[in-house]
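Q: Got a sequence here, can you build the structure:
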Amino acid sequence: MALSESEKRVYGVLDKLGISYIRHEHPPVYTVEEAEKQWTKIIGAHCKNLFLRNKKGNRHYLVILEASKVADLKSLNKILGEDRLSFASEKRLMKYLGLETGAVSAFGLIYDKENHVKVVIDDDLKKAEAVNFHPNVNTATVGISFPDFERFLAWCGHAVRYLPFE
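A: Next comes the predicted model:
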């Protein structure tokens, strides 16, 4: 399978940072439920990535949590001091993270050079042996260590807020 330019860019950044990764190819997946069928042999935490916006549409959030957890948007509103969080449109997803629906990933942060997107991460992911994300396409999953993930986020220049999720 030929790699897309977006996927090649992810590997280029990881290589530049000296971050080792494991790539797993699979059929396209659009939901966590579909992805779970492909993750049976993949080690580490499987991450759910939610791209959200506030009511005015002037603040955007990438919420990253363990796939089996639920993000209570009402609670998140209060914690983040927002008026009403909701899922951002496909147009906003492309504008800020360069991604299409079904491929939402922390690796999309490489396209947010002006740091418009605020990053919120499940505190429990710090304990994971590895974290797994789409490499900006939904036909593969890439696993990296959590310390390497933090190095990637630092390289992107995004401030990160860790929160507990149930």
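
Q: following the worst-scoring helix or strand of the chain on mean pLDDT, which helix or strand shows up next?
A: Every helix and strand of the chain was ranked by mean pLDDT, DSSP states H and E. The lowest is helix 32-36, at a mean of 67. Going down the chain from helix 32-36, the next helix or strand is strand 45-53, by DSSP states H and E.

Q: and that next one, average pLDDT?
A: Strand 45-53 shows a mean pLDDT of 94.

Q: Show me the strands in this protein, by range?
A: For the chain, the strands defined by DSSP state E cover 22-25, 45-53, 60-66, 86-87, 117-122, 131-133, 140-144, 160-163.

Q: Redo these as JSON lines? Include distance to L99 and mean neighbour count.
A: All C-beta atoms are positioned from the backbone trio N, CA, C, and that covers glycine. Output for the strands of the chain, formatted as JSON lines (distance: least, CB to CB, whole Å; neighbours: other CB atoms under 10 Å):
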{"stretch": "strand 22-25", "distance to L99": "18", "mean neighbour count": "12"}
{"stretch": "strand 45-53", "distance to L99": "8", "mean neighbour count": "21"}
{"stretch": "strand 60-66", "distance to L99": "10", "mean neighbour count": "22"}
{"stretch": "strand 86-87", "distance to L99": "13", "mean neighbour count": "14"}
{"stretch": "strand 117-122", "distance to L99": "11", "mean neighbour count": "21"}
{"stretch": "strand 131-133", "distance to L99": "11", "mean neighbour count": "24"}
{"stretch": "strand 140-144", "distance to L99": "14", "mean neighbour count": "23"}
{"stretch": "strand 160-163", "distance to L99": "19", "mean neighbour count": "14"}
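
Q: which parts of stretch 123-138 are buried?
A: L125, A128, A130, V131, N132, F133, H134, P135, N136, V137, N138 (16 or more other CB atoms under 10 Å).

Q: what's the third one in contact with, if anything?
A: Going back to what we said before, that points to A130. Counting by CB atoms under 8 Å, 6 or more residues apart in numbering, A130 makes contact with I22, I43, G44, A45, G143, I144, S145, F146.

Q: if I pick the closest residue to N136 other than its chain neighbours, what's in contact with it?
A: Among residues not flanking N136 along the chain, S6 sits closest, at 4.2 Å (CB to CB, 6 or more residues apart in numbering). S6 makes contact with G98, L99, P135, N136, V137, according to CB under 8 Å, 6+ apart.

Q: which residues of the protein score low on pLDDT?
A: 1, 27-40 (pLDDT under 70).
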